[in-house]
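Q: need a structure here:
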Amino acid sequence: PHASARLIDETGGGDTFLITASDKIDADDVIQLCEELMYLDVAGPTIKSRIILNSTNEELIDELMLLGVSKFALDEEEDISMLEDISKWQGKSLLK
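A: Model prediction:
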């Protein structure tokens, strides 16, 4: 398992997990990390409800939204339209 997932599993984690994924980070690595985090059995809300993804990678956002991640932080206001398009394509509502 990923070292971060192991640490969260051992400590119970926190209220939120901010994952910032720049263009230099492989989207598949971020997806794998999030999948490992989601399998953890910790007290309180599910891990996927605690994840906040900060990324402009459309493929990554799309994949994590399909996995159930519902919180996204965007650096630029124009990125909102991308998030709206992805949520609409998936048949989901977007709350701002």
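
Q: poorly predicted segments of this protein, please.
A: 1-2, 4-5, 9, 11-13 (pLDDT under 70).

Q: nearest to the spatial middle of it, which residue is it?
A: Leu53 (4.1 Å; C-alpha atoms, centre = their mean).

Q: list the strands paired with the host helix or strand of that residue, with their directions.
A: In this assignment (DSSP states H and E), Leu53 forms part of strand 51-54. Applying DSSP bridges, strand 51-54 is found paired with strand 17-20 (parallel), strand 71-73 (parallel).

Q: between these, which one is nearest to Lys92?
A: Evaluated with C-beta to C-beta, those place strand 71-73 nearest to Lys92, the distance being 11.7 Å. In short, each C-beta sits where N, CA and C put it, glycine included.

Q: next, the buried residues of that closest one.
A: Within strand 71-73, the residues that count as buried by 16 or more other C-beta atoms under 10 Å are Lys71, Phe72.

Q: after that strand, which helix or strand is next?
A: With DSSP H and E, the next secondary element past strand 71-73 is helix 79-89.

Q: number of nearby residues for Glu35?
A: Neighbourhood size, Glu35 [other C-beta atoms under 10 Å]: 15.

Q: how far away is the residue lying closest to it once chain neighbours are set aside from Ile61?
A: The shortest distance from Glu35 to any residue other than its chain neighbours is 6.9 Å, reached at Leu67 (C-beta to C-beta, 6 or more residues apart in numbering). Leu67 sits 11 Å away from Ile61, going by C-beta to C-beta, to the nearest Å.
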